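Visitor: no letters, just coordinates:
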């Protein structure tokens, strides 16, 4: 973590999905960058994302040494705000995941760290 | 655009044994491959005044290797901090250095203990820094995980998948069986492919390249000097390096990449073909960066051998086999020969164009494509004899 990105994890601790937003032009960048790639502004603040998005791509990874491990679905989520986020998809089987499926954020503690996670909402996108 | 068409040539090649455990230092591998390449070129170490390599801080520095070989006055010694995308870049950079007068005859090498030493995508990369903090805690850490998203998106958009990947894996294994250097020479059927262990859905074990210890080197000099050397020169017709928007840090920074159903090659194709003055229809044989099976599809589509999305059907029905219309990865590729970070493809290209590929030889091969990289940034070359 650095001065450019600590806000993301601090927000997660409070159950908020925060994104870097350029103070000059409002461009949202994720992962955060020290300089706005759009207007080159160095000043920035944060915006709270709605937490809604759609599934872009996914994989399922099982623990290499634990045969009965159910596996973890890693997902790329296209957020409503126009950026892509890496997360996990909870409470679903890999066969049920479809491209473009609507998802919503939830915050879960994993090994002492609160992570943004997602669930499929079943709504039409 | 690369503007040095046919002005420079590969005149020597050298490699160590490819293995899972070299039992030697990377420096030892680097010097062995480099000296073999110089000897193959009919030159003496004293004729070399440039060395270029690429690495992830897992190799021996070019300046150090030059010193250990006893080069007293190295004019141009450079290491590119690059992944597989660097495997063709370094040869293009050697041409540029010679053109600029910084050197006359340059060794390019890649040396690694990629299995017994530093394994790419392994422990060191797992500390959450920079972009990695937004990926590693979520379980997006290793190369198979990184590449699975690209493969998945291609599956979603174009209905590709294991049926096509199996054709690639088994074809390259057939090629490796004809290659005494290859690490994997046991026959692989499609059943073997489909029965291979699930690694990261959607990948099976045989979708993923080898990890190898070893080194490869080539010697590059001017076409004029090349004429006086023992081997048939292999001329660098054209080349390109780069990618599209938001290349980022190439690996997990690919979150920013606009569409994962194509990779860097879509963006460098025009420059590549224009620099060489030829097109895909002129290629006799190609060595495609096959870190994963699916990445072959994206390279073929991006470079215009077929339209985007048609790579799956394109590789079927024997087209990419040794006796097919477009033989690929004739030494077995990174999937079955070895993973010297893609630089072993350059050596195979040279052997094909010299006519020295033995049982693997594609009759009448005059133009060979090589590619390097599979994500947001890559490099490629068109070589001819």
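Guide: Right, received. Where do you want to start? What you see is a predicted model; the values in this text were computed from it and never measured.

Visitor: all the helices of the stretch 1-150 of chain B, residue numbers only.
Guide: According to DSSP state H, counting those that start in this stretch, the stretch 1-150 of chain B carries its helices in the segments B:26-40, B:62-68, B:86-99, B:143-158.

Visitor: need these in a markdown table (columns: mean neighbour count and mean pLDDT).
Guide: Where C-beta positions appear, they are placed from N, C-alpha and C, glycine not excepted. Output for those, formatted as a markdown table (neighbours: other CB atoms under 10 Å in any protein chain shown; pLDDT from 0 to 100):
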| stretch | mean neighbour count | mean pLDDT |
| --- | --- | --- |
| helix B:26-40 | 23 | 98 |
| helix B:62-68 | 20 | 95 |
| helix B:86-99 | 25 | 97 |
| helix B:143-158 | 22 | 96 |
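
Visitor: so which of those helices is nearest residue A:93?
Guide: helix B:143-158 (15.7 Å; CB to CB).

Visitor: other SSEs contacting that closest one?
Guide: Packing partners of helix B:143-158 (3 or more CB pairs under 8 Å, 6 or more residues apart in numbering or on different chains; DSSP states H and E): strand A:52-61, strand B:198-201, strand B:203-204, helix B:293-302.

Visitor: deepest-packed of those, please.
Guide: Greatest average neighbour count among these goes to helix B:293-302 (a mean of 28), per mean count of other CB atoms under 10 Å in any protein chain shown.

Visitor: near chain B, which residues of chain A?
Guide: A:1-2, A:5, A:8-9, A:30-31, A:56-62, A:71-72, A:74, A:76, A:84-88, A:94, A:99, A:110, A:113, A:115 (CB under 8 Å from any CB of the partner chain).

Visitor: just the element for the closest residue to residue B:210 other than its chain neighbours, please.
Guide: Setting aside the residues directly before and after it, residue B:210 is nearest to residue B:339 in space (CB to CB, 6 or more residues apart in numbering or on different chains), at 4.8 Å. Assessed by DSSP states H and E, residue B:339 sits outside every helix and strand.

Visitor: among the residues of chain A next to chain B, which lie within helices?
Guide: Among these, the members falling in helices (DSSP state H) are A:8-9.

Visitor: buried members of the residues of chain A next to chain B into PyMOL, please.
Guide: Filtering those down to the buried ones (16 or more other CB atoms under 10 Å in any protein chain shown) takes a single PyMOL command:
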select buried, chain A and resi 5+8+9+30+31+56+57+58+59+60+61+62+71+72+74+76+84+85+86+87+88+115
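
Visitor: okay, now the unreliable bits of the chain?
Guide: Chain wasn't specified; assuming chain A. A:64, A:67, A:123-125 (pLDDT under 70).

Visitor: oops, chain B please
Guide: Judged by pLDDT under 70, the stretches of chain B that qualify are B:122-129, B:250-251.

Visitor: same thing but at 50, please
Guide: Under the criterion pLDDT under 50, no range of chain B is flagged.

Visitor: now the spatially most central residue of it. Nearest residue, chain neighbours left out?
Guide: Central residue of chain B (CA atoms, centre = their mean): residue B:342, 2.5 Å from the mean position. Excluding its sequence neighbours, the residue lying closest to residue B:342 (CB to CB, 6+ apart) is residue B:87, at 3.5 Å.

Visitor: ok, the one you found touching residue B:347?
Guide: No. The criterion here is CB atoms under 8 Å, and residue B:87 misses it with residue B:347 at 10.8 Å.

Visitor: tell me which residues touch the spatially most central residue of chain A, please.
Guide: Residue closest to the average C-alpha location in chain A (CA atoms, centre = their mean): residue A:85, at 3.7 Å. By CB atoms under 8 Å, 6 or more residues apart in numbering or on different chains, residue A:85 lies in contact with A:30, A:53, A:76-77, A:79, A:116, B:134, B:255.

Visitor: distance to residue B:306 added to those, as a markdown table?
Guide: Converted to a markdown table, the contacts of residue A:85 look like this (distance: CB to CB, whole Å):
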| residue | distance to residue B:306 |
| --- | --- |
| A:30 | 34 |
| A:53 | 33 |
| A:76 | 26 |
| A:77 | 31 |
| A:79 | 34 |
| A:116 | 39 |
| B:134 | 35 |
| B:255 | 28 |
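
Visitor: next step: those residues restricted to strands.
Guide: When the contacts of residue A:85 are checked against strands (DSSP state E), the matches are A:53, A:76-77, A:79, A:116.

Visitor: if we can go back for a sec, looking at the helices and strands packed on helix B:143-158, which is nearest to residue B:174?
Guide: So among the helices and strands packed on helix B:143-158, helix B:293-302 is nearest, using CB to CB, at 14.2 Å.

Visitor: ok, that closest one near chain A or not?
Guide: No. Judged by CB under 8 Å from any CB, helix B:293-302 stays clear of chain A, getting no closer than 12.5 Å.

Visitor: so after that helix, what's the next helix or strand?
Guide: That would be, after helix B:293-302 and using DSSP H and E, helix B:311-315.

Visitor: mind listing what's buried along that next one?
Guide: B:311-312, B:314-315.

Visitor: sweet, I'm off.
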